[in-house]
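Engineer: Fold the following.
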Amino acid sequence: MPKNRNTFSFDAPEALRAWGRRAASRAVHRGWRWVQRAGAVTAEHPGPYRFARIGPATRLAFPLGTVFGEQWIELGDHCIIGEQVTLTAGMMPGLDLGPEPVLSLGNGVVLGRGSHVVASQRVTFGDDVFCGPYVYVTSDNHSYDDPAQPIGRQWPRSAPVSIGPGSWLGTGAVILPGARLGRNVVVAAGAVVRGEVPDHCVVAGAPAKVVRRWDPGTGWVPPLRTPAPVPIPDGVTPQQLLSLEEAEPDARTPDGRAV
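Structural biologist: Sure, this is the predicted structure:
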């Protein structure tokens with residue numbers, strides 16, 4: 001028969017085991033943060049990689065994805081490369097790709113976690129291109145010319161890719177060979193893009209199509225469904241923002257904004 005236990009009794013061995021688990025968990029997390037800091041790649045600490053250029057304040061988070069051909073990869077200033085991002089130049093490691101860079105990121109580019117940029121032909125990102133996680137950009141795609149041969153063994157088709165400055169690529173977007181995105185283009189999550197996309201457009205779908213565009217005379221076509229957010233004025237402190245949130249209801253406009 002099991003012994004009755006007092007709910008308030010103290011079990012020293014169990015308490016010791018619980019303390020050990022907490023201590024081990026803290027140690028593992030502290031150790032992993034140290035490994036991430038130590039393994040991050042920057043211009044000052046390139047690790048085993050020999051990129052053609054790493055700009056100041058650019059950081060590749062650890063752990064990296066697959067990286068090869070870095071001698072033909074240029075990274076601009078103030079770029080943020082997330083964990084497990086793959087950057088490759090050339091079909092395979094060890095190739096001589098000539099005197100010019102093959103993959104170039106402009107200044108302020110952000111590549112989200114798990115993204116892939118695969119370049120055997122020229123791939124360029126303009127300044128301030130932001131990519132969500134798991135974006136795939138490639139200059140190479142499989143071919144299917146011979147129906148009798150395995151597709152993976154057929155020589156791929158390749159074409160240069162360019163992504164204009166200020167663009168936004170949503171989570172899981174795929175940019176195919178030959179794509180040319182203009183300035184400030186939005187690619188919706190999961191879209192598959194090929195061909196040319198004009199400046200100031202929003203594209204979505206597979207294959208991607210223009211779903212919204214900017215007209216200098218009339219604005220967005222079709223119009224935006226929500227009003228533009230009001231930017232925070234320069235010099236406003238967090239304390240001032242908090243006081244606005246705590247403003248009395250009678251000190252607000254009908255739409256809820258403080259006056």
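
Engineer: Mind picking out the helix or strand in this structure with the poorest mean pLDDT?
Structural biologist: Here the helix or strand of the chain ranked lowest by mean pLDDT, DSSP states H and E is helix 238-245, holding a mean of 78.

Engineer: which residue is nearest the centroid of this structure?
Structural biologist: With distances taken as C-alpha atoms, centre = their mean, the residue of the chain nearest its centroid is Gly112 (1.9 Å).

Engineer: How about that one: what's its closest non-neighbour residue?
Structural biologist: Leaving aside its sequence neighbours, Gly112 sits nearest to Pro133 (C-beta to C-beta, 6 or more residues apart in numbering; 3.7 Å). In short, each C-beta sits where N, CA and C put it, glycine included.

Engineer: Neighbours of that neighbour, how many?
Structural biologist: 17 (other C-beta atoms under 10 Å).

Engineer: SS state for it?
Structural biologist: At Pro133 the chain is in coil, as set by DSSP: H, G, I helix; E, B strand; the rest coil.

Engineer: That one and Gly126: what is the separation?
Structural biologist: 20 Å (C-beta to C-beta, to the nearest Å).

Engineer: what ranges do the strands span in the stretch 151-259 of the chain?
Structural biologist: Using DSSP state E, counting those that start in this stretch, the strands of the stretch 151-259 of the chain run over residues 157-158, 161-163, 168-169, 174-175, 180-181, 186-187, 192-193, 196-197, 201-204, 209-215, 219-221.

Engineer: out of these, which comes closest to Phe51?
Structural biologist: With C-beta to C-beta as the measure, strand 161-163 is the member of the strands of the stretch 151-259 of the chain nearest Phe51 (19.2 Å).

Engineer: Would you indicate which residues of that closest one are buried?
Structural biologist: Neighbour-count burial for strand 161-163, counted by 16 or more other C-beta atoms under 10 Å, picks out Val161, Ser162, Ile163.

Engineer: do stretch 86-99 as well
Structural biologist: Along stretch 86-99, these residues count as buried under the neighbour rule (16+ other C-beta under 10 Å): Thr86, Leu87, Thr88, Ala89, Gly90, Leu97.

Engineer: which among those gets closest to Gly235?
Structural biologist: Nearest to Gly235 among the buried residues of stretch 86-99 is Leu87, at 39.3 Å by C-beta to C-beta.

Engineer: Wait, a strand at that closest one?
Structural biologist: Yes. Leu87: assigned to a strand according to three-state DSSP.

Engineer: what pLDDT does it get?
Structural biologist: pLDDT recorded at Leu87 is 98.

Engineer: residues contacting it?
Structural biologist: Gly65, Thr66, Val67, Glu70, Ile73, Ile81, Leu103, Val117 (C-beta atoms under 8 Å, 6 or more residues apart in numbering).

Engineer: Mind checking which of the residues you listed are in strands?
Structural biologist: Mapping the contacts of Leu87 onto strands (DSSP state E) picks out Val67, Ile73, Ile81, Leu103, Val117.

Engineer: neighbours of the third one, just the number please.
Structural biologist: Using other C-beta under 10 Å, Ile81 is surrounded by 26 other residues.

Engineer: mind exporting the least confident helix or strand of the chain as CSV, just the C-alpha atoms?
Structural biologist: This file holds the C-alpha atoms of helix 238-245, laid out as CSV (Å, rounded to 0.1, in the frame of the first residue of the first chain):
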residue,chain,number,x,y,z
PRO,A,238,8.6,56.8,-24.2
GLN,A,239,7.2,58.6,-21.1
GLN,A,240,5.3,61.0,-23.3
LEU,A,241,3.9,58.2,-25.4
LEU,A,242,2.8,56.5,-22.2
SER,A,243,1.1,59.6,-21.0
LEU,A,244,-0.9,59.8,-24.2
GLU,A,245,-2.1,56.2,-23.7
